[in-house]
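>>> Here is a sequence with its predicted model. Questions after.
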Amino acid sequence: MGRASRHVHGQRSPSALHRSRHGPHHVPGHHRATYGDRDRERGVDASFGWFVEEVGELSRAIRRQGHAERVHEFSDVLAWLVSLADQCDVDLAAAAARYADGCPACGSIPCACP
């Protein structure tokens with residue numbers, strides 16, 4: 001596991017967060033309260049570097065490791081994505097809504113793009 005998973009963002013599993021009173025829809029606010037000051041001090045460029053490192057670790061977990069490691073790495077990638085979105089003033093729920101009615105390019109479910 002990389003430094004980020006041990007040092008900054010690997011504190012709670014997604015299932016623990018889901019069971020908590022905050023639930024997954026509160027992740028951005030919970031993340032901001034937990035890491036917001038550190039994230040702002042670090043800045044977008046450094047946070048993006050951590051995000052890319054975690055994506056690399058996720059790649060290894062998908063190809064070579066078991067389910068528990070994959071869950072761990074997906075949660076780390078998600079945490080860094082939430083951090084970056086917060087630092088860039090991007091509402092992830094609004095961004096995800098782009099896909100709510102199907103493929104954003106063709107509007108179909110399933111996608112009918114060539």
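Yep, that arrived.

>>> Contact partners for the nearest residue to residue 44 once chain neighbours are set aside?
Excluding the flanking residues, the one nearest residue 44 by Cβ to Cβ, 6 or more residues apart in numbering is residue 87, at 5.0 Å. Backbone N, C-alpha and C define where each C-beta goes, glycine included. By Cβ atoms under 8 Å, 6 or more residues apart in numbering, the contact list for residue 87 reads 39-40, 43-44, 47.

>>> Buried only: go through those residues for me.
The neighbour count (16 or more other Cβ atoms under 10 Å) marks 39, 47 as buried among these.

>>> Throw the contacts of residue 87 into JSON lines and include pLDDT and secondary structure, thanks.
Shown next, in JSON lines, are the contacts of residue 87 (pLDDT from 0 to 100; DSSP: H, G, I helix; E, B strand; the rest coil):
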{"residue": "39", "pLDDT": "90", "secondary structure": "helix"}
{"residue": "40", "pLDDT": "91", "secondary structure": "helix"}
{"residue": "43", "pLDDT": "95", "secondary structure": "coil"}
{"residue": "44", "pLDDT": "97", "secondary structure": "helix"}
{"residue": "47", "pLDDT": "96", "secondary structure": "helix"}
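
>>> Let's have the contacts of residue 87 in CSV, adding distance to residue 106.
Converted to CSV, those look like this (distance: Cβ to Cβ, whole Å):
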residue, distance to residue 106
39, 36
40, 39
43, 37
44, 32
47, 33
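
>>> thought residue 109 was touching residue 100?
No. With contact defined as Cβ atoms under 8 Å, residue 109 does not count as touching residue 100 (10.3 Å).

>>> where exactly do the helices run in the chain?
For the chain, the helices defined by DSSP state H occupy 3-7, 14-19, 27-42, 44-64, 67-87, 92-97.

>>> on that earlier part again, against residue 42, how distant is the residue nearest to residue 44?
Counting by Cβ to Cβ, to the nearest Å, the separation of residue 87 from residue 42 is 9 Å.
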